[in-house]
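Enquirer: Quick one, structure for this:
(2 chains)
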Amino acid sequence: MPISIILTKILEGMGVSVLLFAVTLVFSLPLGLLISFGRMSKYSILRVITSVYISIMRGTPLMLQLMVIYFGPYYIFGLTISPEWKNFAAAISFVLNYAAYFAEIYRAGIESMPKGQYEAARILGYSRAQTFVRIIFPQVVKRILPPVTNETITLVKDTSLAYTIGILEMFSTARALASAEASMLPFVFAGVLYYILNAVVAAVMVKIEKKMNYFR
Amino acid sequence: MKVLEMKHIKKTFDDLEVLKDISFDVSEGEVVSIIGPSGSGKSTILRCATMLEEIDGGEFSYLGKRAAWQENGRTVYAPKGELREIRKNFGLVFQSFNLFPHYSVIRNLTDAPINIQKRDKTEVYKEARDLLAQMGLSDKENAYPYQLSGGQSHRVAIARALALQPKILFFDEPTSALDPELTGEVLKVIRSLTERRMTMVIVTHEMNFARDISDRMIFMDGGVIVEDCTPEEMFASDNERLRGFLGKLEGGY
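Expert: Residues are numbered from 1 along each chain as shown, chains lettered A, B, ... in the order given. Sure thing, here's the model as predicted:
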C-alpha cells in the first residue's frame, strides 16, 4: 500500500479523534460546572449524589465505562444495538467521565476565591447569580486554566480508548494498517499526529492564558 | 432624620457574645467614629449594619425603614425586594478594599450602577470620572487594581462606594493596611468627604484623626458601648476603661 494512502486513512481517523475530542470538551465543560454546583450545594442530597458520581467516574477505568455504556442497553434492557450507537456511546462516556474531572477543577477554583469578593459584590447590590457570572466566574476561569490544559491534553490521548468499542479513530486505524502492512510506519504517523494535536492544544491554551494576563 | 438606627443589637458567634445590647443612631451629615480595643466588636457592628452578618437580637433601620427586627423571639429580615431598596442606602469601604481585580478602575465604579441598578450609561460614566478626578485618580481610569498602590486602591474603593450614591458610608479600619504616609493620604480623602456633609461611620485606630473629624465618638469594649459622646467629652472622660485604652495608645505598645 502506498504511503500516501496510509497517511490519508490515518488522517481520516484523526478527523474522528478530533470530533470526539471537540464534542467531549463542548459538553463536559458546562456539565462539569453544573456538577460542581451540586458538589458545593447547601442540599446534602445533591452533595452526596454528585460526590458518588465523581468518585465512580474517577475510580473506574474509562475503558470500562465505554464498555458499560456501549453494551449496557443490550445486557440490561435487552435492546438491539444499532450501528450508530457506538458513536453516541463513545461521546456519552467521554463527556460523563471528563465532566467529573472538570467538576473538581471548577470546585477548587471557586472555593479558592476570597470571601471579600462575594461580600463586596453583595454590598454593591449584586444578586447571587450576578455575583457569580460577573465577579466570580471570570476570575475562576483564569485560575483553573493550567489544570484544564492538563486535562485537555490527556483527553487528546484518551480518545484512542474509543478503539475498544470499535470506533475507527486514529489509533484503531493505525493499528489495523500496521497489522495489514506488517509495518511500524502507521504507528509513527499516528504518534507524530497526536503530538502535533497536543502541541496545538498547548499553544492555544498558552494564548488564552496570555489573554487573561490583563489582570492579576 | 436618622439615617441609621440600631437598637439593642446582639450578635453571638458560637458561644462568644460579641455584641451585647448595642444601641446608637446616626443622623444625616453626622460623622461617627467607633473606637475600642481589638475584639471589642467594632467591626462586627459594621458587618451587622451592612447585613454581612445576621443579628441575633434587636432591630435596626435605615431612614426609618426597618431592615431587621424581632418577632416571637426570632430575628426577621425585611422581604427581599425591600432589603434591596434598603441596601441602596449604605456603602462600605472594606479594610482590604476588595476591588474586583478583573475590572479596570472605571469598570469597578460603573459596573454596579449600569448593570445592577440599570442607570443611564453616559450619566454613570460622567459621575464616575468626576469621582476619580476628586480622588486624584483621573490618570488611573483604565488601570487594573494590581497596578495601583495601597493608597490608590483605597481611594478607588471609596469612589466605588460613592458611585452608588449611598446615604451613609461605612469605613472598616481604613488605615490599618497602610503605611503612615499613605495613612495621611487616605485621611485627607475621608476629611474631604466630611466637607461634603457625607454621613459616615468609621471604625478606626487613628485616635487623633477620629477626634479631628468626628461629630461623635463611640468607645466600645467587651461588646458594649462604654461611651457615646463628642470627641471633647471622650478625651476628657474619666471612665476607667476608656482612660486605660487611651493611655495605652499614647504610651505606645
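Enquirer: Spatially, what comes nearest to residue 62 if we skip its sequence neighbours?
Expert: Picked chain A for this. Leaving aside its chain neighbours, residue A:62 sits nearest to residue A:97 (5.2 Å; criterion: C-beta to C-beta, 6 or more residues apart in numbering or on different chains). For the C-beta atoms, the positions are set from N, CA and C on the backbone; glycine is no exception.
Enquirer: that's the wrong chain, I wanted chain B
Expert: Using C-beta to C-beta, 6+ apart, the nearest residue to residue B:62 is residue B:89, at 4.3 Å.
Enquirer: Show the contacting residues for that neighbour.
Expert: B:3, B:62, B:63, B:166, B:167, B:168 (C-beta atoms under 8 Å, 6 or more residues apart in numbering or on different chains).
Enquirer: Now with 7 Å, please.
Expert: B:62, B:63, B:166, B:167, B:168 (C-beta atoms under 7 Å, 6 or more residues apart in numbering or on different chains).
Enquirer: And those residues, which of them are buried?
Expert: Using 16 or more other C-beta atoms under 10 Å in any protein chain shown as the burial test, the contacts of residue B:89 include B:62, B:166, B:167, B:168 as buried.
Enquirer: from these, which is closest to chain A?
Expert: residue B:166 (9.5 Å; C-beta to the nearest C-beta).
Enquirer: quick one, phi/psi of the spatially closest residue to that closest one that is not a sequence neighbour?
Expert: Leaving aside its chain neighbours, residue B:166 sits nearest to residue B:91 (3.7 Å; criterion: C-beta to C-beta, 6+ apart). Dihedral pair for residue B:91: phi -130, psi 160, per degrees, to the nearest 10.
Enquirer: And for residue B:10?
Expert: Geometry field for residue B:10 lists phi and psi as phi -130, psi 140, criterion degrees, to the nearest 10.
Enquirer: quick one: it and residue B:16 touch, right?
Expert: No - between residue B:10 and residue B:16 there is no contact under C-beta atoms under 7 Å: 11.9 Å.
Enquirer: And the two? Which one has more around it.
Expert: Shown here are residue B:10 and residue B:16; by other C-beta atoms under 10 Å in any protein chain shown, residue B:10 has more neighbours (18 against 9).
Enquirer: For chain A, list the residues in contact with chain B, please.
Expert: Within reach of chain B by C-beta under 7 Å from any C-beta of the partner chain, chain A has these residues: A:116-117, A:119-120, A:122-126, A:130, A:134-135, A:138-139, A:214-216.
Enquirer: Find the pair from the buried ones among the contacts of residue B:89 with maximum spatial separation.
Expert: Farthest pair in those (C-beta to C-beta) is B:62 and B:166. Separation: 9.9 Å.
Enquirer: Please enumerate the shared neighbours of those two.
Expert: With C-beta under 7 Å, 6+ apart as the test, residue B:62 and residue B:166 both reach B:89, B:90.
Enquirer: Give me the longest helix you can find in chain A.
Expert: For chain A, the longest helix by residue count, based on DSSP state H, is helix A:3-39.
Enquirer: and it, what other elements does it pack with?
Expert: In terms of contacts (3 or more C-beta pairs under 7 Å, 6 or more residues apart in numbering or on different chains; DSSP states H and E), helix A:3-39 is packed against helix A:44-59, helix A:85-111, helix A:137-158, helix A:170-181, helix A:185-211.
Enquirer: So which bits of that helix are buried?
Expert: In helix A:3-39, counting by 16+ other C-beta under 10 Å, buried: A:6, A:9-10, A:13-14, A:16-18, A:20-21, A:23-25, A:27-29, A:31-33, A:35-39.
Enquirer: ditto for stretch B:56-64
Expert: B:56, B:57, B:58, B:59, B:60, B:61, B:62.
Enquirer: what's the nearest residue to residue 11 if we skip its chain neighbours?
Expert: Picked chain A for this. Counting by C-beta to C-beta, 6+ apart, residue A:11 lies nearest to residue A:193, which is 7.7 Å off, once chain neighbours are set aside.
Enquirer: let's do chain B instead
Expert: residue B:19 (4.0 Å).
Enquirer: cool, and residue B:191?
Expert: residue B:213 (5.6 Å).
Enquirer: What of residue A:151?
Expert: Distances taken as C-beta to C-beta, 6+ apart place residue A:101 nearest to residue A:151, at 5.5 Å, with adjacent residues excluded.
Enquirer: Spell out which residues of the stretch 101-250 of chain B are next to chain A.
Expert: Proximity of the stretch 101-250 of chain B to chain A, by C-beta under 7 Å from any C-beta, involves residues B:101, B:102, B:111, B:112, B:115, B:116, B:117, B:144, B:146, B:164.
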